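> What follows is a predicted structure for the sequence shown.
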Amino acid sequence: MLLVVEQFLNGLQFGLLLFLLAAGLTLVFGIMDLVNLAHGSLYMMGAYFAATFVAWTGSFVLGAVMALGATLLLGIVLEFTALRHLYGRDHLDHVLATFGLILFFNEAVRLIWGPAGLALPLPSWLAFPVTIMPGIQYPAYRLAIIVVALLVALLLYLGVMRTRIGMLIRAGASNREMIGALGINIKLLYTLVFGLGAALAGLAGLMQAPILTVQIGMGENILILAFVVIVIGGIGSIRGAFIAAIMIGLIDTMGRAFLPNLLRQVLNSAAASTAAPAMSSMLIYLLMAIVLVARPEGLFPANRR
């Protein structure tokens with residue numbers, strides 16, 4: 001029971017971090033029709049900014065706020081200087097250009113911070129276990145990640161569904177040509193959406209930084225899962241990204257935790273431990289394949305025309 005609850009919370013936490021990364025990616029893809037492979041680099045930059053600013057200020061909260069602002073500004077500058085020239089071009093051009101940006105950011109980080117990874121220590125006021133059930137404790141920092149990510153998800157939903165800018169974002173996801181014809185400053189909208197996506201990616205990176213080593217290329221593997229999230233949830237759909245991210249987080253975490261014991265019934269211990277992560281990933285891609293067969297546009301697609 002203890003292990004099930006702990007791994008469920010780990011899966012929920014991982015899924016919510018995936019949502020923060022995938023939410024910006026699905027908005028950028030759905031509204032701007034831009035395939036941004038460099039989105040994981042913004043996740044990485046958020047982690048590096050956080051490690052740097054926390055070391056400078058000595059305050060985790062202040063450093064995190066500064067890192068979030070820096071990632072937002074970086075996203076706006078990146079959209080204005082590089083990505084704006086890709087609108088209306090073929091998706092292959094997007095892939096090649098943003099892959100080049102991945103290489104650029106990796107080398108920039110290597111030049112500025114060096115090839116070795118950075119460590120971001122846990123804030124002392126969150127470095128303790130919390131009793132969530134009788135006999136079951138869970139790290140306070142991981143609970144804080146869950147709470148913050150849920151609050152951000154709620155604010156993002158309210159912002160998209162209840163505000164004028166959110167209305168424009170939803171309209172852009174459904175019919176970007178129409179909002180341009182209505183006189184909306186489409187370039188400004190694109191900049192705001194990309195900046196929001198960069199900030200969300202940076203938030204995911206800075207919250208994950210105290211758990212994992214901050215290192216070059218840390219956003220590349222998780223970016224693959226973020227793309228799977230938007231395929232399952234539906235391109236341009238915040239609700240779809242949220243549900244799909246939670247599903248994938250739970251499948252990945254629970255699979256890695258419990259598949260080894262199941263596989264040991266038919267395999268030796270070493271082979272079972274090696275095969276479990278691969279089978280966990282296979283379950284995620286199997287889910288994606290099933291969704292694509294049943295609902296090719298995803299579980300909750302934006303109403304595109």
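Looks like it came in fine. It should be emphasised that the depicted structure is a prediction, and the values quoted were computed from it without experimental measurement.
> Quick one, grab the pLDDT at the nearest residue to residue 250 once chain neighbours are set aside.
Closest residue to residue 250 in three dimensions, ignoring its sequence neighbours and counting by CB to CB, 6 or more residues apart in numbering: residue 11, at 3.8 Å. C-beta: built from backbone N, CA, C; applies to glycine. Turning to residue 11, the model gives it a pLDDT of 93.
> my guess is residue 11 contacts residue 258, does it?
No: assessed by CB atoms under 8 Å, residue 11 is found out of contact with residue 258, at 11.0 Å.
> Looking at these two, which is more packed in?
Neighbour count, other CB atoms under 10 Å: between residue 11 and residue 258, residue 11 has more, with 22 against 15.
> Which residues are in contact with that one?
Counting by CB atoms under 8 Å, 6 or more residues apart in numbering, residue 11 makes contact with 249-254.
> Go through the helix or strand harbouring the residue nearest to residue 250 and flag the buried ones.
According to DSSP states H and E, residue 11 maps onto helix 2-32. By 16 or more other CB atoms under 10 Å, the buried positions in helix 2-32 come out as 6-7, 9-32.
> How about stretch 221-232?
222-223, 225-232.
> And for residue 143, nearest residue in space, chain neighbours not counted?
Per CB to CB, 6+ apart, closest to residue 143 is residue 130, 5.8 Å.
> The one you found belongs to a strand?
Yes: checked against DSSP: H, G, I helix; E, B strand; the rest coil, residue 130 lies within a strand.
> Could you export the contacts of residue 11 as a markdown table, including neighbour count?
Output for the contacts of residue 11, formatted as a markdown table (neighbours: other CB atoms under 10 Å):
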| residue | neighbour count |
| --- | --- |
| 249 | 24 |
| 250 | 17 |
| 251 | 18 |
| 252 | 21 |
| 253 | 21 |
| 254 | 17 |
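> In contact with residue 184, which residues?
Per CB under 8 Å, 6+ apart, neighbours of residue 184: residue 168.
> quick one: secondary structure of it?
coil.
> Any regions of this structure where pLDDT drops low?
When residues are selected by pLDDT under 70, those of the chain lie in 1, 170, 172-177, 179-180, 182, 268, 271-273, 276, 302-305.
> ranges for the strands of it?
Per DSSP state E, the chain carries strands over the ranges 129-133, 136-139.
> what's the most buried one of these?
The highest average neighbour count among the strands of the chain, using mean count of other CB atoms under 10 Å, belongs to strand 136-139 at a mean of 16.
> Now do the helix holding residue 11 against strand 129-133, angle only.
100 degrees (axes from the mean of the first three to the mean of the last three CA atoms, to 10 degrees).
> related to what we said a few turns ago, residue 267: which of the contacts of residue 11 is nearest?
Closest approach to residue 267 among these (CB to CB): residue 254, at 19.0 Å.
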